[in-house]
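K.L.:
What follows is a predicted structure for the sequence shown.
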Amino acid sequence: MKPAPFHLETPQSLEECVALLAEHGDEAKILAGGQSLVPLMNLRLAQPSVLLDIGGLKALNFVEENEQSFRIGAITRLRDLERDANFAKSQPLLAEALPHIGHTQIRNRTTVGGSIAHADPAAELPAVLLACGGTVKAVGPNGERKISADNFFHSYFSTDLEEDEAIAEIELPRWKPACGWSIQEISRRHGDFALIGIACCVTCDDEGVVTDANAAFFGVGEAPHLVESASSLVGTKADDETLHQVAEATAAELDPPTDIHVSAEYRKHVGGVLARRALSIAYQRATGNIT
Ligand SMILES: Cc1cc2nc3c(=O)[nH]c(=O)nc-3n(C[C@H](O)[C@H](O)[C@H](O)COP(=O)(O)OP(=O)(O)OC[C@H]3O[C@@H](n4cnc5c(N)ncnc54)[C@H](O)[C@@H]3O)c2cc1C
């Protein structure tokens with residue numbers, strides 16, 4: 001299928017892109033990697049009359065780390081992060097998520113900003129951003145603003161971004177040495193969107209006692225979901241009994257939909273199993289028992 005006719009603009013800066021968004025309103029769409037937008041246009045589910053191609057904006061293609069945080073420019077391609085040998089040391093949870101996202105060909109084009117802006121509830125990156133306590137930097141006609149991940153994802157493919165705002169970058173806290181991580185998901189075939197998945201981080205003190213635990217699910221409803229049950233690990237050494245209780249509490253807390261792929265009951269049950277598995281692995285990594 002072919003898309004409806006459109007006019008292509010190639011803004012030379014994010015400011016120009018924002019000005020064009022303000023000028024054209026809901027007629028305009030940003031084109032980043034095109035891996036979601038172009039199929040939607042081909043199916044005529046999206047029919048923007050103006051496309052703003054930001055793929056050439058080199059200023060948005062960067063990875064920068066300082067003492068507090070780790071920033072990734074919106075147009076940075078997933079495959080470039082995957083190929084960066086140091087990336088997994090700096091952001092191990094995000095690095096572990098990358099191979100789950102589509103296939104190499106998809107990751108060659110997919111951008112960090114595109115994946116976050118598209119906000120597919122079954123996507124990995126939004127859940128990683130949520131589990132890590134990250135933020136999104138958006139730029140609009142009135143300047144820039146930072147939006148925490150827990151306020152950014154509203155519903156199916158819907159975010160806090162205004163019509164005339166664009167994502168400039170995402171920011172993650174600098175990774176702490178005592179923090180373990182894991183991402184686990186169930187999909188029918190490798191590269192398919194997850195039927196359900198979890199991304200988590202667990203931090204411990206020198207005695208191996210959990211001081212912080214966050215777990216975000218994807219594929220469980222309209223947006224990535226941070227579960228409260230993970231906080232029960234805090235103050236424990238994540239023994240089998242505690243993990244069992246967290247798994248049960250997670251399954252009870254999740255309220256996923258039934259769809260053409262699987263039932264809500266399946267997702268609740270598997271959610272508990274994945275929570276136990278992921279949090280156990282994250283704890284063992286935090287305490288240095290596995291790498
Ligand atoms: C076969 C296949 C399998 C896939 N499997 C997975 C998977 O397992 N997991 C997964 O997470 N994804 C998967 N994807 C989706 C892929 O990662 C998408 O490309 C991603 O959702 C969007 O990134 P993009 O850079 O291609 O954005 P585009 O397709 O260019 O844009 C997507 C949307 O985001 C908006 N947008 C893009 N950049 C910005 C910006 N900087 N500011 C504001 N709005 C912006 C666009 O206007 C558009 O509405 C798959 C895609 C395909 C085709």
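P.N.:
Happy to help now that I have it.
K.L.:
switch to C-alpha atoms for all contacts and neighbour counts from now on
P.N.:
Noted.
K.L.:
Close to the ligand: what parts of the stretch 1-150 of the chain are there?
P.N.:
29-37, 74, 100-102, 110-111, 113-115, 117-118, 123-124 (CA under 6 Å from any ligand atom).
K.L.:
if you set the cut-off to 5 Å instead, what comes out?
P.N.:
29-37, 101-102, 110-111, 113-115, 117-118, 123-124 (CA under 5 Å from any ligand atom).
K.L.:
Equivalent analysis for the stretch 151-291 of the chain, please.
P.N.:
A166, I167, D192, F193.
K.L.:
and which of these is nearest to G134?
P.N.:
For those, the closest approach to G134 (CA to CA) belongs to I167, at 13.6 Å.
K.L.:
and that closest one, how far is that from P126?
P.N.:
13 Å (CA to CA, to the nearest Å).
K.L.:
So for those two, which residue has more residues nearby?
P.N.:
P126 (29 against 24; other CA atoms under 10 Å).
K.L.:
now the strands for the stretch 1-150 of the chain?
P.N.:
7-9, 28-31, 50-53, 63-65, 69-73, 135-140, 143-148 (DSSP state E, counting those that start in this stretch).
K.L.:
Next, format those strands as CSV and append mean pLDDT.
P.N.:
Below are the strands of the stretch 1-150 of the chain laid out as CSV (pLDDT from 0 to 100):
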stretch, mean pLDDT
strand 7-9, 97
strand 28-31, 98
strand 50-53, 98
strand 63-65, 96
strand 69-73, 97
strand 135-140, 98
strand 143-148, 97
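K.L.:
Would you format those strands as a markdown table with mean neighbour count included?
P.N.:
Below are the strands of the stretch 1-150 of the chain laid out as a markdown table (neighbours: other CA atoms under 10 Å):
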| stretch | mean neighbour count |
| --- | --- |
| strand 7-9 | 13 |
| strand 28-31 | 22 |
| strand 50-53 | 20 |
| strand 63-65 | 13 |
| strand 69-73 | 19 |
| strand 135-140 | 22 |
| strand 143-148 | 15 |
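K.L.:
Do a quick rundown of the helices in the stretch 151-291 of the chain.
P.N.:
240-253, 264-286 (DSSP state H, counting those that start in this stretch).
K.L.:
Export these to CSV and append columns for mean neighbour count and distance to I198.
P.N.:
Below are the helices of the stretch 151-291 of the chain laid out as CSV (neighbours: other CA atoms under 10 Å; distance: least, CA to CA, whole Å):
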stretch, mean neighbour count, distance to I198
helix 240-253, 18, 11
helix 264-286, 23, 7
